[in-house]
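**Q** Give me a model of this one.
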Amino acid sequence: MKRTDMDRSLRTAVNFCYISAAIAALVPAATAQIANLDSAPQNVFEKEREESLAKYLNLGPISVRPHLNVSAYYDDNLTLKDGPELEDFVWRISPGALLGFGEFRDKGNYVTLDYTPTASVYTKYSDYSALDHLVDFNVGWRMSKLTLGVGQSYEIANGKQVEASAFVEQESYVTKLTSLYEFSEKTSAELNGRQMLIDSTERVFEAPDNQLNTINQWEIEGWGNYKQSEKLTLGAGVIVGWRDIVGYTAAKTPNQTFQQIAVRSSYEVSEKIDVSGSIGLFFSQFEDGDSKSPTLVFDVAGSWQPLERTLVSAEAYRRDFPSYSTAGQNYTATGLRVSVRQSFLEKYSASLATGYENSDYSNDGDAGGIDRSDDYFWVRPSVNYEFNERVNAGVFYQFRTKSSDAPGGVYDYSNNQIGIYTNYRF
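**A** As a prediction, the model looks like this:
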C-alpha cells in the first residue's frame with residue numbers, strides 16, 4: 001500500500017516529538033504536578049497529527065488558527081468516590097484560536113497567544129457546570145548562537161483529579177524562562193527557570209467545598225548537550241528548586257528544597273523506532289531539618305511503526321510529587337503508558353490507550369500521618385472517522401479504577417465513561 005502524504009507527515013511529527021523530548025525529558029521529574037483534569041492521558045498521535053496538518057489564516061502580519069472540540073458522554077461517577085456515586089450526562093464544547101506573529105512555526109523570532117475556553121454542562125447535577133479558561137502566551141528570540149524564550153500560561157479548570165480522588169476546581173499560573181547557547185554544531189548549553197502557582201479546591205455536592213493544598217514552586221535547571229550524531233543526542237544537567245506548600249488542616253505542611261542530577265539522551269534507532277529518556281537522582285530537604293534519601297527518577301519514551309498504518313508509543317516513568325490531597329506528604333509515582341493507533345478503510349482508525357501508576361506516599365520530615373500506597377489503572381479504546389483532513393468524529397469508552405491501602409477506602413473508586421466527540425482543526 002502506498003504511503004500517503006498524511007502518513008509521512010504524521011511519521012515526521014512523531015519523530016520530531018521524541019527527538020525534541022531530549023531537550024525537556026527530565027522536566028516532569030522535578031516539577032509540581034498540574035493534573036490533567038477529567039480525562040485519562042490522551043493518545044499522543046492526536047496532538048502530533050494536529051500539528052502536522054496545521055493551517056493558518058492571515059490577518060496582515062498575524063496568523064490565526066481556529067480550533068474546536070465538542071464531546072458528549074455518560075459518566076457513572078462524577079466525583080470519583082466509592083459511594084454514593086453521582087451519574088450524569090455531560091456536554092463539553094471548547095472553541096479557541098491560536099494567534100501567531102513572526103517565525104513561530106520555525107521557532108525563530110515570534111509571539112504566540114492561544115486562548116481556549118471550555119463550557120461544561122452537567123444535565124442532572126448542574127452545580128458542577130462551569131466555564132473554564134486556558135491562555136498560553138509565548139515569545140521567542142533567535143540570534144546567531146543564542147535562543148531565548150518566555151512563556152506564561154493561565155488555566156482554570158473543573159474536573160476530576162486522580163491524585164485527590166475528587167472533583168476539583170484548579171487554578172494554575174506557569175511562567176517559563178528558557179535559554180539555549182550553541183557553542184558549535186555539536187555542543188550547547190541551557191539555563192531555564194520555571195515558576196508554578198497551583199491552587200486547588202475540591203467541589204462537594206450539597207456540602208461545603210474542601211480547600212486542598214496550595215503548591216507554589218520555583219526551579220532553575222542547567223544542561224549541557226552533545227550531539228554525537230544525527231541520530232544520537234546526549235545531555236547532563238542539574239535542577240534546584242523550592243516548594244512553598246500551604247495546607248488547610250491541623251497537620252504540618254513543611255516547605256521543601258530539592259535538587260536533581262541527571263543524564264538524558266534521544267536516539268533514532270531506525271526509520272521506524274525512536275527512543276528518548278532520562279535517569280537521575282532526586283534529593284529533598286524539609287524546613288524542619290529532615291531530609292529524604294535520594295530517589296531514583298526516570299522517564300523513558302519511544303515510538304514504533306511496525307506497519308505502514310500502525311503506530312505505537314510507550315512511556316515509563318518514576319517521579320517525585322508533593323501531594324495536593326494529604327497534608328505533609330510527598331509521593332513517588334511509578335507508571336507505564338501505552339498507546340496504539342491503527343488506520344483502516346482509508347478514513348477509519350482505532351486507538352487503544354492504557355496505563356498503570358503506583359503512588360507511594362511518605363511523610364515530609366516529622367509531619368506525621370500514615371504512609372500509603374495507591375494503584376491506578378485506566379484504559380480508553382476509541383474508533384475515529386475522518387470526514388476530511390480538518391474534521392473528525394468518533395466514539396470512546398473509558399474505564400479507570402484506583403485502590404489504596406489508606407484506612408476507610410477514602411481514595412478507592414471505579415469510573416466508566418462512554419460517549420462521542422468531534423474535532424475541527426483549521
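**Q** what about Thr147, how many neighbours?
**A** For Thr147, the neighbour count with other CB atoms under 10 Å is 19. Where C-beta positions appear, they are placed from N, C-alpha and C, glycine not excepted.
**Q** neighbouring strands for the helix or strand harbouring it, and are they parallel or not?
**A** According to DSSP states H and E, Thr147 maps onto strand 146-161. Within its sheet, and counting by DSSP bridges, strand 146-161 is paired with strand 130-142 (antiparallel), strand 166-182 (antiparallel).
**Q** measure Gln170 to Thr253 for me?
**A** Gln170 sits at a distance of 18 Å from Thr253 (criterion: CB to CB, to the nearest Å).
**Q** swap that for His133, please
**A** His133 sits 28 Å away from Thr253, going by CB to CB.
**Q** So if I had to pick from the two, which one is more boxed in?
**A** Just comparing His133 and Thr253: by other CB under 10 Å the higher neighbour count belongs to Thr253, 23 against 14.
**Q** right, and the more buried one touches Gly247 too?
**A** Yes. Using CB atoms under 8 Å, Thr253 and Gly247 qualify as a contacting pair, with a distance of 3.2 Å.
**Q** any residues in contact with both of these two?
**A** Common neighbours of Thr253 and Gly247, using CB atoms under 8 Å, 6 or more residues apart in numbering, are Asn213, Ala327, Gly328.
**Q** Does anything pack onto the strand or helix carrying Gly302? Which helices or strands?
**A** Element membership for Gly302 (DSSP H and E) is strand 291-307. Using 3 or more CB pairs under 8 Å, 6 or more residues apart in numbering; DSSP states H and E, the elements in contact with strand 291-307 are helix 5-24, helix 27-30, strand 273-286, strand 310-322.
**Q** buried set for it?
**A** For strand 291-307, the buried set under the neighbour-count rule, 16 or more other CB atoms under 10 Å, comprises Lys292, Thr295, Val297, Phe298, Asp299, Val300, Ala301, Gly302, Ser303, Trp304, Gln305.
**Q** cool, stretch 280-288 as well?
**A** Taking 16+ other CB under 10 Å as the basis for neighbour counts, the residues of stretch 280-288 that come out buried are Gly280, Phe282, Phe283, Ser284, Gln285, Phe286.
**Q** go on, stretch 67-80?
**A** Under the neighbour-count criterion of 16+ other CB under 10 Å, stretch 67-80 has His67, Leu68, Asn69, Ser71, Tyr73, Asp75, Asn77, Leu78, Thr79, Leu80 buried.
**Q** What is the nearest of the residues you listed to Leu234?
**A** Taking CB to CB as the measure, Leu234 lies nearest His67 of the buried residues of stretch 67-80, at 36.2 Å.
**Q** what pairs with that closest one across the strands?
**A** Gly96, Arg425.
**Q** Spell out which residues sit in contact with it, please.
**A** His67 neighbours (CB under 8 Å, 6+ apart): Glu50, Pro95, Gly96, Ala97, Leu98, Thr116, Asn423, Tyr424, Arg425, Phe426.
**Q** For PyMOL, what selects the buried ones among the residues you listed?
**A** Of the contacts of His67, the buried ones can be selected in PyMOL as follows, counting by 16+ other CB under 10 Å:
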select buried, resi 96+98+116+423+425
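**Q** Give me the distance between Met143 and Asn109.
**A** The separation that Met143 has from Asn109, given CB to CB, amounts to 9 Å.
**Q** just to revisit the earlier point, ranked by average pLDDT, which of the helices and strands packed on strand 291-307 falls at the bottom?
**A** The stretch with the lowest average pLDDT out of the helices and strands packed on strand 291-307 is helix 5-24, scoring a mean of 33.
**Q** how far is whichever strand or helix holds Ile418 from where the chain is centred?
**A** Assigned by DSSP H and E, Ile418 falls within strand 413-425. Averaging C-alpha coordinates over strand 413-425 and over its chain gives two centres that are 18 Å apart (CA atoms, centre = their mean, to the nearest Å).
**Q** list the buried ones in it?
**A** For strand 413-425, burial by neighbour count (16+ other CB under 10 Å) applies to Tyr413, Asn415, Gln417, Gly419, Tyr421, Thr422, Asn423, Arg425.
**Q** for stretch 374-381, same thing?
**A** Going by neighbour count (16+ other CB under 10 Å), the buried part of stretch 374-381 is Asp374, Tyr376, Phe377, Trp378, Val379, Arg380.
**Q** With just CA atoms, put it into PDB.
**A** Written as PDB, here are the backbone C-alpha positions of stretch 374-381 (Å, rounded to 0.1, in the frame of the first residue of the first chain):
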ATOM      1  CA  ASP A 374      -2.200   3.800  45.700                       C
ATOM      2  CA  ASP A 375      -2.700   1.800  42.500                       C
ATOM      3  CA  TYR A 376      -4.400   3.500  39.500                       C
ATOM      4  CA  PHE A 377      -5.300   1.800  36.200                       C
ATOM      5  CA  TRP A 378      -7.100   3.200  33.100                       C
ATOM      6  CA  VAL A 379      -7.900   2.100  29.600                       C
ATOM      7  CA  ARG A 380      -9.500   4.100  26.700                       C
ATOM      8  CA  PRO A 381     -10.500   2.400  23.400                       C
END
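**Q** neighbours of the closest residue to Ala406 other than its chain neighbours, just the number please.
**A** Once its chain neighbours are removed from consideration, Ala406 has its nearest residue in Arg372; the separation is 4.5 Å (CB to CB, 6 or more residues apart in numbering). Counted by other CB under 10 Å, the residues lying close to Arg372 total 17.
**Q** who's more crowded, Met143 and Asn109?
**A** For Met143 against Asn109, the residue with the higher neighbour count under other CB under 10 Å is Asn109, and the figures read 16 against 10.
**Q** and the more buried one, what does it touch?
**A** Contacts here follow CB under 8 Å, 6+ apart; on that basis Asn109 touches Gly102, Glu103, Gly140, Trp141, Arg142.
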